[in-house]
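> no sequence for this one, just the structure:
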């Protein structure tokens, strides 16, 4: 695949800026502490807290009550060792820069499995921000990018075999174009989106049209192919949320993903393993 030089220029600029801001794990702890202060998330039960934080430390204390608190406590970062690596991926995504786990692992010098877990956890955090206004669409529309096996893939079957369990009753289609032909009117597309919506909120679909939905699906497919080549159906939803983050520069500005991570409880490795994308995947909030 041809290298995208525009993406490379954006990455290089963002990476230089990140290295200036967060050159080490100690600086990462300071960056996170400063973010807690900015968002008024420093916790202390004292009526007149006197917070002390030494540069590079992952904890802070109150001179009044002597309570010691971890900077990462209660957040997505609880128990994280490679804090700088986490902040690096957040920094890039907040600037609309996507990167594969393989490349990211080389950039921040962590194991590829570690990079992949960071990527999936960030996807789970961003997914939590897809509210009930987000229409659910049949996951088989994304079959073109389902090329990797998972624990959900039937033995000796192609990765797309996972899609059979969540196929559309009474309809056979594997591409957005076939789906577009299947839905012959605006009324049908509204009804189809409402039916696939996990929230069953039909009114969230009224601003959508066949052409707009198909265009977004096609763009999502191109995005996954460009940055990740292919994914498993098990984790398809997480990559679609990364697509939303990549595309929506108004919603996901610098600092917004970090704040979402500060407000999100820890995600265990067991939760990643247990995660399975819903049959009706969400790609975007309802279009206005």
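Nice, I can see it. As the structure is a prediction and not an experimental result, all values here were calculated from the model.

> list the contacts for residue 276?
152, 234 (CB atoms under 8 Å, 6 or more residues apart in numbering). C-beta here means a position set from N, CA and C on the backbone, and glycine is covered the same way.

> Now do it against residue 211, distance only.
31 Å (CB to CB, to the nearest Å).

> can you check residue 8 too?
From residue 8 to residue 211 the distance is 32 Å (CB to CB).

> and residue 151, how many neighbours does it have?
9 (other CB atoms under 10 Å).

> quick one: which helix or strand includes the residue lying closest to residue 95 once chain neighbours are set aside?
Using CB to CB, 6 or more residues apart in numbering and skipping residues adjacent in sequence, the residue nearest residue 95 is residue 14, 5.0 Å away. Assessed by DSSP states H and E, residue 14 sits inside helix 5-21.

> same deal with residue 220?
helix 210-228.

> next one: residue 69
Using DSSP H and E, residue 69 sits in strand 68-70.

> Under the pLDDT cut-off, which ranges of the protein? List them.
1-6, 132-133, 164-210, 286-288 (pLDDT under 70).

> do that again at 80, thanks
1-7, 45, 47, 131-136, 152-215, 284-288 (pLDDT under 80).

> Measure how buried residue 66 is and give me the count.
Around residue 66 there are 8 residues (other CB under 10 Å).

> can I assume it sits in a strand?
No: counting by DSSP: H, G, I helix; E, B strand; the rest coil, residue 66 is not found in a strand; it is coil.

> gap between it and residue 147?
Residue 66 is 55 Å from residue 147, by CB to CB.

> is it true that residue 241 lies in a strand?
No: secondary structure assignment (three-state DSSP) places residue 241 in helix, not in a strand.

> Compute the number of surrounding residues for it.
24.

> who's in contact with it?
By CB under 8 Å, 6+ apart, the residues touching residue 241 are 123, 126-127, 130, 282.

> do residue 258 as well
35, 87, 90, 94.

> JSON lines please, covering those residues and showing neighbour count.
As requested, the contacts of residue 258 are exported to JSON lines (neighbours: other CB atoms under 10 Å):
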{"residue": "35", "neighbour count": "18"}
{"residue": "87", "neighbour count": "25"}
{"residue": "90", "neighbour count": "23"}
{"residue": "94", "neighbour count": "18"}
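
> For those residues, give me JSON lines that also has secondary structure.
As requested, those are arranged in JSON lines below (three-state DSSP):
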{"residue": "35", "secondary structure": "helix"}
{"residue": "87", "secondary structure": "helix"}
{"residue": "90", "secondary structure": "helix"}
{"residue": "94", "secondary structure": "helix"}
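
> between these, which is closest to residue 271?
residue 90 (18.9 Å; CB to CB).

> Residues touching the helix holding residue 14, excluding its own?
27, 31, 87-88, 91-92, 95-97, 99, 107.

> how about the residues you listed, which pair is most distant?
Across these (CB to CB), the longest gap, 23.5 Å, separates 27 and 96.

> ok so, going back, is it possible to get CSV of the contacts of residue 241 that adds distance to residue 158, secondary structure and neighbour count?
Output for the contacts of residue 241, formatted as CSV (distance: CB to CB, whole Å; DSSP: H, G, I helix; E, B strand; the rest coil; neighbours: other CB atoms under 10 Å):
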residue, distance to residue 158, secondary structure, neighbour count
123, 24, helix, 23
126, 28, helix, 24
127, 26, helix, 18
130, 28, coil, 19
282, 25, strand, 24
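
> Let me know the closest of those residues to residue 242.
residue 123 (5.5 Å).

> Leaving out the residues flanking it, which one is nearest to that closest one?
residue 238 is the one closest to residue 123 (CB to CB, 6+ apart), at 3.1 Å.

> farthest residue from the center of the chain?
In terms of distance from the mean C-alpha position of the chain, residue 64 ranks first, at 39.6 Å (CA atoms, centre = their mean).

> Touching, that one and residue 50? I think so.
Yes: between residue 64 and residue 50 there is a contact under CB atoms under 8 Å: 5.2 Å.

> measure the residue sitting nearest the centre point of the chain to residue 235 for me?
Nearest residue to the geometric centre of the chain (CA atoms, centre = their mean): residue 123, 2.3 Å. From residue 123 across to residue 235, the span is 8 Å (CB to CB).
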